[in-house]
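*Asks:* Predicted coordinates and the sequence they were generated for:
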Amino acid sequence: MWDYSDKVLEHFYHPRNQGVIEDTGDPAFAVVTGEVGSLACGDALRLHLKIERASERIVEARFQTFGCTSAIASSSALTEMVKGRTLEEALAITNQDIADYLGGLPPQKMHCSVMGQEALEQAIYKYRGVAVPVHHENDSPLVCTCFGVSEERIRKVIRDNRLTTVEAVTHYIKAGGGCGMCRDVIADLLAQTVMPPRLTTVQKINRIQAVLSTLRPYFQQDGGDVELVEVEGDQVWVQLTGACGDCSSRWTTLKEVIEARLRQEVWPTLVVEAVS
Ligand code: FES
């Protein structure tokens, strides 16, 4: 028997926001779905979001989940957490945030919180019309055929949660929990995915400024610019100005250019958001 928190049991027995969201065709809103897991793997989640286009705010969230107590509780919690948030704010939610909201999950059940975070990310990226960049299953070799888990997805969960053992990887994304044939490969990935030493806030700010100064000339060529506003933990706030501030591909610039470069050159789990 798993040792569940009271909040997990409460969300399991009384799940919030179960079901689908009807798309009424109102052009002011979009309804999108993120879907992760599969019935063959034992857990599957469909997360439905209703997004107000003008404010890019989630006004409604519902879920359909096939899975265990913690899968249902994680899905229910997630729908409560995202309601009223902007897409940027929702993207900042980590799987650990979902587990924390529930008062913790047993280590063996952390994959339920990962499933929720991935469904959320997938739904938002679908709304943005771009592919999920880091754990897209088609872009990376498949490591665990039992659970359909790619190499990049394993690397991401190791980095994001600072995992150090094959067993922990199995708890978070199930890889390695079937026939066991992939466990040696997961151990190799753990050995390769070395986290850099922690940076102080001052070191982080200096490195971020250095990266932004290399990007700035490209933005200025197009009549725009970027300024660092604030850094708190892994959260980085920047201001896009001039043409960059008004550009329709502002979000792509923010995530696929600035965030991608900062993750590569400063710290692998930074999340960049824009202030207006
Ligand atoms: S291939 Fe990963 S557990 Fe079977």
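*Replies:* Arrived safely, thanks for sending.

*Asks:* Please make it C-alpha for all contacts and neighbour counts, starting now.
*Replies:* Fine.

*Asks:* show me the contacts for residue 238.
*Replies:* Applying CA atoms under 8 Å, 6 or more residues apart in numbering, one finds that residue 238 lies in contact with 226, 227, 228, 229, 230, 272, 273, 274, 275.

*Asks:* same question, residue 61
*Replies:* Neighbouring residues of residue 61 by CA under 8 Å, 6+ apart: 17, 21, 47, 48, 49, 50, 79, 80, 82, 83.

*Asks:* In a strand, it, correct?
*Replies:* Yes - under DSSP: H, G, I helix; E, B strand; the rest coil, residue 61 sits within a strand.

*Asks:* is stretch 164-174 anywhere near the ligand?
*Replies:* No - Stretch 164-174 is not in contact with the ligand by CA under 6 Å from any ligand atom; minimum separation 7.8 Å.

*Asks:* could you give me the average pLDDT of that stretch?
*Replies:* Throughout stretch 164-174, pLDDT has a mean value of 92.

*Asks:* In terms of distance to the ligand, which of the contacts of residue 238 ranks first?
*Replies:* Distance to the ligand, by CA to the nearest ligand atom, is smallest for residue 272 among those, at 33.1 Å.

*Asks:* Checking my notes, that closest one in a strand, right?
*Replies:* Yes - assigned with three-state DSSP, residue 272 falls within a strand.

*Asks:* Please tabulate the contacts of residue 238 in TSV, including the columns neighbour count and pLDDT.
*Replies:* TSV is the format used below for those (neighbours: other CA atoms under 10 Å; pLDDT from 0 to 100):
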residue	neighbour count	pLDDT
226	22	92
227	15	93
228	16	95
229	11	94
230	13	93
272	21	90
273	21	87
274	19	86
275	11	84
